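In: just coords:
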């Protein structure tokens, strides 16, 4: 598993429910986390709140570009509609870094209807936009934000990790483990469309069975920690 | 759950591993099954083989059109490359019927890379081709054929069922139950792209972990039989 202790993780859009839930879990696991927001003030306010929950000063706040500059790993947790503009704003700071995107567009008139974005998937669009500057890996598309915020709730959901290089996927697999989740190598970045689409499917399943937190598990894998 | 005892199920492409595995499981559960093939002789030969395994005369064989004519439910278990031609050949017999498609195209140069077909998914292409003649429901995309053939193997995989009307999906949910699987209402037919893509993801996962039978489970649902 990739070693994360030396890494600095910027959570772009870290004031949202999913981003702050993950930031909190990672900080609790001892990782170095910076919460990024459009304004440095809001980033700092979110960091203050997480530090209060943690009971120590562990999380920093910054604007998205500043957070990206300080980080070695960039986690993109923004609405699909803002993705392109926010990527453009942090682009000067992403060269040579891995961008782990959590973005799952729900474009259908009904959120439970899978509607692929023009570029095939949000992750492929992000990679196309960043070009060879940075490497995009998709992960965490199917984990409900309310699960992440909940302190010691065991989350019944695997994290599909899609990316073209195994070493880069390993970073997201390690990030999943640090958040208390099982990351699963799920193939190339083109497969992110499936993980993104699964979010719409889970919305449909939640509606069909009147539940709130449907998730997915991969079966048939070796028990325990994956190789 | 939809009642299947009065139905006659034609498995088009029933000589393949997945089709014959399901035909065998359904016949074993007491359902009326016809195995369809391009030639009536091959359909009958496949039926004979299944009857021998079952120890009784339960399955009939026919050519694909004949099987479709005799059936009230049509199960499409053919290679994606043959889908359009075979649908055209059975089209005179599908009016007013539900067509449950198992087709999961693996179009990437590598089978573990999700590559959507031109129409978005094989299921949407089937529905577009049949128009309002018949109703297409997608199911069983993620169940490995070798699991189906294996007699009493408990299959660790849910069946995502996608279709525009709940009543039509209920038929595929009941077919899953008759085969010893849990069918899950997974939203509209547009969501079949996700189920089809998941097949490529499972191929990638099998390769990454050197396993043969990765599958998916939906978590967060009520225990036991689903409503």
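Out: Thanks, I have it. Given the structure is predicted, the values throughout are model-derived calculations rather than measurements. Numbers count the residues shown, from 1 in each chain, chains lettered A, B, ... in the order given.
In: all helices for chain A, in order.
Out: A:17-28, A:40-54, A:64-70, A:80-90, A:122-130, A:145-149, A:166-178, A:192-209 (DSSP state H).
In: now the angle from the fifth one to helix A:192-209?
Out: Per axes from the mean of the first three to the mean of the last three CA atoms, to 10 degrees, the angle that helix A:122-130 makes with helix A:192-209 is 150 degrees.
In: do the second one as well
Out: Per the same axes, to 10 degrees, the angle that helix A:40-54 makes with helix A:192-209 is 60 degrees.
In: the worst-scoring helix or strand of chain A on mean pLDDT vs chain B: in contact?
Out: Least confident helix or strand of chain A, by mean pLDDT, DSSP states H and E, is helix A:145-149 with a mean of 75. No. Residues of helix A:145-149 contacting chain B under CB under 8 Å from any CB of the partner chain: none, with a closest distance of 9.4 Å. Heads up, the C-betas are built off the backbone N, CA and C, glycines and all.
In: can you list contacts of that helix?
Out: Helix A:145-149 is contacted from outside by A:16-18, A:20-22, A:24-25, A:153, A:155, A:157, A:179, A:212-213, A:215, using CB atoms under 8 Å, 6 or more residues apart in numbering or on different chains.
In: about what we covered before: using CSV, please lay out the helices of chain A together with mean neighbour count.
Out: Formatted as CSV, the helices of chain A follow (neighbours: other CB atoms under 10 Å in any protein chain shown):
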stretch, mean neighbour count
helix A:17-28, 24
helix A:40-54, 18
helix A:64-70, 22
helix A:80-90, 17
helix A:122-130, 22
helix A:145-149, 18
helix A:166-178, 21
helix A:192-209, 25
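In: which one of these has the poorest average confidence?
Out: Mean pLDDT is lowest for helix A:145-149 among the helices of chain A, at a mean of 75.
In: in JSON lines, list the helices of chain A along with distance to residue B:54.
Out: Compiled in JSON lines, these are given as follows (distance: least, CB to CB, whole Å):
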{"stretch": "helix A:17-28", "distance to residue B:54": "51"}
{"stretch": "helix A:40-54", "distance to residue B:54": "61"}
{"stretch": "helix A:64-70", "distance to residue B:54": "63"}
{"stretch": "helix A:80-90", "distance to residue B:54": "51"}
{"stretch": "helix A:122-130", "distance to residue B:54": "47"}
{"stretch": "helix A:145-149", "distance to residue B:54": "45"}
{"stretch": "helix A:166-178", "distance to residue B:54": "45"}
{"stretch": "helix A:192-209", "distance to residue B:54": "34"}
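In: and these: which comes nearest residue B:87?
Out: helix A:192-209 (24.1 Å; CB to CB).
In: and the angle from that closest one to helix A:80-90?
Out: Per the same axes, to 10 degrees, the angle that helix A:192-209 makes with helix A:80-90 is 150 degrees.
In: on contacts alone, who are the packing partners of helix A:192-209?
Out: Secondary-structure packing of helix A:192-209 (3 or more CB pairs under 8 Å, 6 or more residues apart in numbering or on different chains; DSSP states H and E): helix A:122-130, strand A:135-138, strand A:159-161, strand A:215-219, strand B:183-185, helix B:192-209.
In: I'd like those written out as a markdown table, with distance to residue B:61 added.
Out: Below are these laid out as a markdown table (distance: least, CB to CB, whole Å):
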| stretch | distance to residue B:61 |
| --- | --- |
| helix A:122-130 | 45 |
| strand A:135-138 | 45 |
| strand A:159-161 | 41 |
| strand A:215-219 | 34 |
| strand B:183-185 | 26 |
| helix B:192-209 | 28 |
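In: the residue nearest to residue A:166 when sequence neighbours are not counted: how many residues sit nearby?
Out: The shortest distance from residue A:166 to any non-neighbouring residue, by CB to CB, 6 or more residues apart in numbering or on different chains, is to residue A:185 (6.8 Å). Close neighbours of residue A:185, defined as other CB atoms under 10 Å in any protein chain shown, add up to 20.
In: what sits closest to residue A:187 if chain neighbours are left out?
Out: Closest residue in space to residue A:187, ignoring its immediate chain neighbours: residue B:204 at 2.8 Å, by CB to CB, 6+ apart.
In: gap between the one you found and residue A:192?
Out: Relative to residue A:192, residue B:204 is positioned 12 Å away (criterion: CB to CB, to the nearest Å).
In: repeat that for residue A:20.
Out: As defined by CB to CB, residue A:20 lies at a distance of 23 Å from residue A:192.
In: ok, residue A:59 next?
Out: Distance of residue A:59 to residue A:192, given as CB to CB: 27 Å.
In: ditto for residue A:140
Out: 11 Å.
In: out of the helices of chain A, which comes closest to residue B:107?
Out: Comparing those under CB to CB, the one sitting nearest is helix A:192-209, at 13.0 Å.
In: surely residue A:171 and residue A:74 touch.
Out: No. Using CB atoms under 8 Å, residue A:171 is not in contact with residue A:74, being 10.7 Å away.
In: joint contacts of the two?
Out: Shared contacts of residue A:171 and residue A:74, defined by CB under 8 Å, 6+ apart, are found at A:98, A:100.
In: contacting residues for the residue nearest to residue A:166?
Out: A:161, A:166, A:169, A:173, A:226, B:204-205, B:208-209.
In: give me the distance between the most centrally placed residue in chain A and chain B.
Out: In chain A, the centroid-proximal residue (CA atoms, centre = their mean) is residue A:102; its distance is 3.4 Å. As judged by CB to the nearest CB, to the nearest Å, residue A:102 and chain B stand 17 Å apart.
In: surely residue A:144 is in contact with residue A:206?
Out: No. Assessed by CB under 8 Å, residue A:144 is found out of contact with residue A:206, at 9.1 Å.
In: so what sits against both of the two?
Out: A:212-213.
In: sorry, back to before: for the residue nearest to residue A:166, list each beta-bridge partner.
Out: When assigned by DSSP bridges, residue A:185 has beta-bridge partners residue A:161.
In: residues in contact with residue A:9?
Out: Residue A:9 makes contact with A:23, A:26, A:31-34, A:71-75, A:175 under the criterion CB under 8 Å, 6+ apart.
In: in stretch A:148-166, what counts as buried?
Out: A:148-149, A:155-163 (16 or more other CB atoms under 10 Å in any protein chain shown).
In: closest one to residue B:67 out of those residues, please.
Out: For these, the minimum distance to residue B:67 (CB to CB) is 37.6 Å, reached by residue A:160.
In: once you drop chain neighbours, what's closest to residue A:30?
Out: Leaving out its chain neighbours, the residue that sits closest to residue A:30 by CB to CB, 6+ apart is residue A:5, at 7.3 Å.
In: give me the distance between that neighbour and residue A:59.
Out: Per CB to CB, residue A:5 is found 16 Å from residue A:59.
In: try residue A:29
Out: Distance from residue A:29 to residue A:59, by CB to CB: 12 Å.
In: out of those two, which sits in the more crowded spot?
Out: Just comparing residue A:29 and residue A:59: by other CB under 10 Å the higher neighbour count belongs to residue A:59, 29 against 15.
In: go ahead and confirm residue A:190 touches residue A:127.
Out: No. Using CB under 8 Å, residue A:190 is not in contact with residue A:127; the gap is 9.9 Å.
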